[in-house]
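> take this sequence and fold it.
(chains A, B and C)
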Amino acid sequence: MNIIRAEQIRFQYDGEEHPESAVVLDGIDLTVPKGQFVALLGHNGCGKSTLAKHFNALLLPLGGRVYIKDIPTDDEDKRYDVRSTVGMVLQNPDNQLVSTIVEEDVAFGPENLGVAPDEIRKRVDDALRAVGMYEYRDHAAHKLSGGQKQRVAIAGVLAMQPECIVLDEPTAMLDPRGRREVMETICRLNREQGITIVLITHYMEEAVLADRVVVMDDGKIVLDGTPRTVFSQVDTLRQNELDVPQPTELCHLLRRAGVAVPEDVLTVDECVDVLSALLL
Amino acid sequence: MALIETRNCTVRYSSGTPFEKEALSDVSVCIEEGEFVGVIGHTGSGKSSFVQLLNGLLKPDSGTVLLDGRDIWEQPKDIRRVRFEVGMVFQYPEYQLFEETVYKDIAFGPQNMGLSDEEIRERVHTAAKWVGLKPELLAKSPFELSGGEKRRAAIAGVMAMRPRVLILDEPTAGLDPRGRDMILNRIRAYQQEFHTTVLLVSHSMEDIARVADRVLVLNRGSAAMLEPTETLFSHVTQLESMGLSVPAVTRILLKLRERGVAVPDHVYTVEDAARVLLPLLKGGDIHVG
Amino acid sequence: MLADITFGQFFPGNSVIHRLDPRIKLILTFAYILLIFLPDNWVGLAAAVVFLGISVMLSRIPLKPVLKGLKPVIPLLIFTSLINMFYVDGTPLFSFWIVTVTREGVFTALFISVRILSLIAAGSLLTYTTSPTTLTDALERVLSPLKLLHISVHEIAMMMTIALRFIPTLIEETDKIMAAQKARGADLESGNVLQRVRALIPILVPLFISSFRRAYELATAMECRCYHGGDGRTRMKQLHLCGRDYVALGCMAAFVALLIVSNIYVPAMI
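The predicted structure is shown next:
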């Protein structure tokens, strides 16, 4: 079953607010099946954040349609069904926590949905346990580290019991430790709870963890496939000014110099295996 | 003589309260004129305190900070002059833009230095050129610029003061690869042209490996290492024990060495790795473009 | 540094007063603040002070912060006391030069001072023993009947919640901006008033812009989490009145009765 189905969507921002705006989304077709972990790449301004905002009806397409589990996002009566099915985590951890106390913040979503108090309590505790922040439930949100704040934000979305979580550069403002914490949490939710993940990122080592990588440029999808097939297109990625994982890039350079190494090497260990087979 | 030096510097927060915490303990570091030094360490290692010590935004609780061999706190009233010599670009500097035009914002520092209008104009244009801002952007409001342009305008604001030491605290944080490469390349080019001493604080070993001559590693408030970039990455286990990761190519070559392949232990860029591996793989010297 | 400012001073604790239902605390404090103006005799006034004293003792809040909170009003007290002593007519106690101090004047000054001090102490006791979020929550519930008058009680409470959440963030941000502008040679410490006000522009402008940016992002985040105002909203934390709340209400009732009786039977002093 597909969680997200975008059909030929087109979008551009209002001419008055953004005088120099061009078409931001230019006929995007994308379906995301349930349980998939998709990484969405592209340089700033390629339209990936705008696309993400279409997945929970923050924006409505000017042309084409987006369906969330067969509900069209322009159906106003079902808006909260869409938003509780597809939760969204934003980049800046400081600007998405509403309450001073961690557990009160996590309760915010279910409270808005009118869930019964006992059920909210249960959901909040479960969500905080799932992101490993249960011990911090009565702490002040502003005193947490960036990675912890971001995990609380994920818990806040989880408490609405979504089937899909869209994360818009959730690690961009974090240090390496915070980044690791958040990525581990995302992978665990995908693996253990079967939650569909759409992750927007600039970090290739994060994209490598996904089931599928989609590369966007200029409002269009330019590459779509497994990390292995996408990252082997080193030249296309370079044209789009994106990074390539270092092991892949090393093998690419060696291939170009005439060494017979495969082009779809992704990880350090694979690269070491390939090279030591040739050298030893 | 070192250009800037800390001698046994200790910085405490909330001194005299139960929350007292040592941010830096007994740090002695010497930085030479014209060096490009990378500063690395995870959150809470004292990186930010260290760089704020150098331009007098923080005063050491004990120890001295020397610029050209003179204690910067000798005349506390003159600390502003030290700040002009030791320029500092903070994290997310685009959030500090405030003027009506980009030109006026870049001119803020030079104006505070009391320079003539002509001198200011020359400096603003030069700084804008160095960070790659087109001259027509100078008349615009800083808030009309794109994210990457704002960041570069803010960096130009510090460059325009022509500091002898330029400190940048995570100048590439939150940028996409294109914006990151642009900024690192511009800073490197500026440093080579003006022989400015540059300190670049970063979480990214890959960034530091690309630009720095020497690397200062801070760990729990102490200076754990200060080494040329080539030799730093041979201490993989030590770096990893401090919660720092080494570039993936360094790990690849290290694992090859463990398996008995004769490769050097100080390779840290993809191009260098290809350069050392190719002769071994093809049995001859081949040029890599 | 700005970061050292503690806001909405709250002393976490587990005393009876801390555990009272915040709605009851809010109502009782409000009632007390009104009732403190009722007694016109020493019995009633003493009862009011004792009632407050017992509450402070029960809260186990150290006396020092409570007294410290009273300090700022002392100049005001001295001023009103002097005015009252000199201008209230009645039996003269003594006089010098052109002023006469009357017996009634002294009593009035005394009563007003005690009233103002008790009023402030009672208010501080409420904020010292109730966390800001709990207080906002209680305020929303206590004021909810005002919805009938088309006053947006929920929205006001939500604004207070968000303000409390963002105050520490903005204080931190102000610190950062100040450091950054100082690094560019901004001079915040010297000059005349006009120069100093002008020196604040490089700090205030970025601060405003960043507040708007944060507000915009927060609004998006709230929308993502299905926020649509107070209608149909539930709360995780339910408030239930229990034994100690009824005891507190009983004490208050007894206190009111005592005030009324003393006002009738004890001769008025002012």
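> so for residue B:18, what pLDDT did the model give?
Note for residue B:18: predicted pLDDT of 63.
> got a pLDDT number for residue C:220?
The pLDDT attached to residue C:220 in the predicted structure is 95.
> so which strand or helix has it?
In this structure, residue C:220 sits in helix C:201-224 according to DSSP states H and E.
> show me the contact partners of that helix.
Helix C:201-224 is contacted by residues A:56, A:58, A:83, A:87-88, A:90, A:92, A:94-96, A:98, A:108, A:153, A:157, B:95-98, B:108, B:143, C:162, C:166, C:169-170, C:173-174, C:177-178, C:181, C:186, C:188 when judged by Cβ atoms under 8 Å, 6 or more residues apart in numbering or on different chains. (Glycine included, C-beta is placed from N, CA and C.)
> buried set for that helix?
Taking 16 or more other Cβ atoms under 10 Å in any protein chain shown as the basis for neighbour counts, the residues of helix C:201-224 that come out buried are C:202-203, C:205-207, C:209-210, C:214, C:217-218, C:220-224.
> who's the residue most central in space within chain B bridged to?
Among the residues of chain B, residue B:200 comes closest to the average C-alpha position under Cα atoms, centre = their mean, at 0.9 Å. Residues found in beta-bridge contact with residue B:200 (criterion: DSSP bridges) are residue B:38, residue B:168.
> hmm, residue B:37 and it touching each other?
Yes - in terms of Cβ atoms under 8 Å, residue B:200 counts as a neighbour of residue B:37; the distance is 7.3 Å.
> overlap in contacts, the two.
With contacts defined as Cβ under 8 Å, 6+ apart, the residues shared by residue B:200 and residue B:37 are residue B:212.
> per-residue pLDDT, residue 53?
Since you didn't name a chain, this refers to chain A. In the predicted model, residue A:53 carries a pLDDT score of 94.
> sorry, I should have been clearer: chain C.
At residue C:53 the predicted local distance difference test score is 91.
> please apply the same query to residue A:15.
You'll see residue A:15 listed with a pLDDT of 59.
> what sits against residue B:87?
Applying Cβ under 8 Å, 6+ apart, we find residue B:87 in contact with B:55, B:109, B:158-159, B:161, B:163, B:165-167, C:183.
> chain A: which of those is nearest?
Of all the contacts of residue B:87, the one with the least separation from chain A (Cβ to the nearest Cβ) is residue B:167, at 18.5 Å.
> distance of that closest one from residue A:137?
39 Å (Cβ to Cβ, to the nearest Å).
> not counting sequence-adjacent ones, nearest residue to the residue in the stretch 51-200 of chain C that chain B sits nearest to?
At 3.3 Å from chain B, residue C:185 is the closest residue in the stretch 51-200 of chain C, using Cβ to the nearest Cβ. Counting by Cβ to Cβ, 6 or more residues apart in numbering or on different chains, residue B:112 is the residue found nearest to residue C:185 once chain neighbours are left out, at 3.3 Å.
> any idea of the mean pLDDT in the strand or helix carrying residue B:103?
Residue B:103 belongs to helix B:102-112 when elements are defined using DSSP H and E. Taken as a whole, helix B:102-112 carries a mean pLDDT of 96.
> helices and strands around it, which ones?
helix B:79-85, helix B:117-130, helix B:147-159 (3 or more Cβ pairs under 8 Å, 6 or more residues apart in numbering or on different chains; DSSP states H and E).
> let's have these in JSON lines, adding distance to residue B:72, mean pLDDT and mean neighbour count.
Formatted as JSON lines, the entries for the helices and strands packed on helix B:102-112 read as follows, by distance: least, Cβ to Cβ, whole Å; pLDDT from 0 to 100; neighbours: other Cβ atoms under 10 Å in any protein chain shown:
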{"stretch": "helix B:79-85", "distance to residue B:72": "5", "mean pLDDT": "92", "mean neighbour count": "19"}
{"stretch": "helix B:117-130", "distance to residue B:72": "23", "mean pLDDT": "96", "mean neighbour count": "17"}
{"stretch": "helix B:147-159", "distance to residue B:72": "18", "mean pLDDT": "94", "mean neighbour count": "24"}
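> so which of these gets nearest residue C:265?
Evaluated with Cβ to Cβ, these place helix B:79-85 nearest to residue C:265, the distance being 70.9 Å.
> contact partners for the residue lying closest to residue A:74 once chain neighbours are set aside?
By the measure of Cβ to Cβ, 6+ apart, the closest residue to residue A:74 outside its immediate chain neighbours is residue A:60, 5.2 Å from it. With contact set as Cβ under 8 Å, 6+ apart, residue A:60 has these partners: A:54, A:66, A:73-74.
> may I see these organised as JSON lines, with neighbour count and secondary structure added?
Rendered in JSON lines, the data for those read as follows (neighbours: other Cβ atoms under 10 Å in any protein chain shown; DSSP: H, G, I helix; E, B strand; the rest coil):
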{"residue": "A:54", "neighbour count": "25", "secondary structure": "helix"}
{"residue": "A:66", "neighbour count": "25", "secondary structure": "strand"}
{"residue": "A:73", "neighbour count": "25", "secondary structure": "coil"}
{"residue": "A:74", "neighbour count": "14", "secondary structure": "coil"}
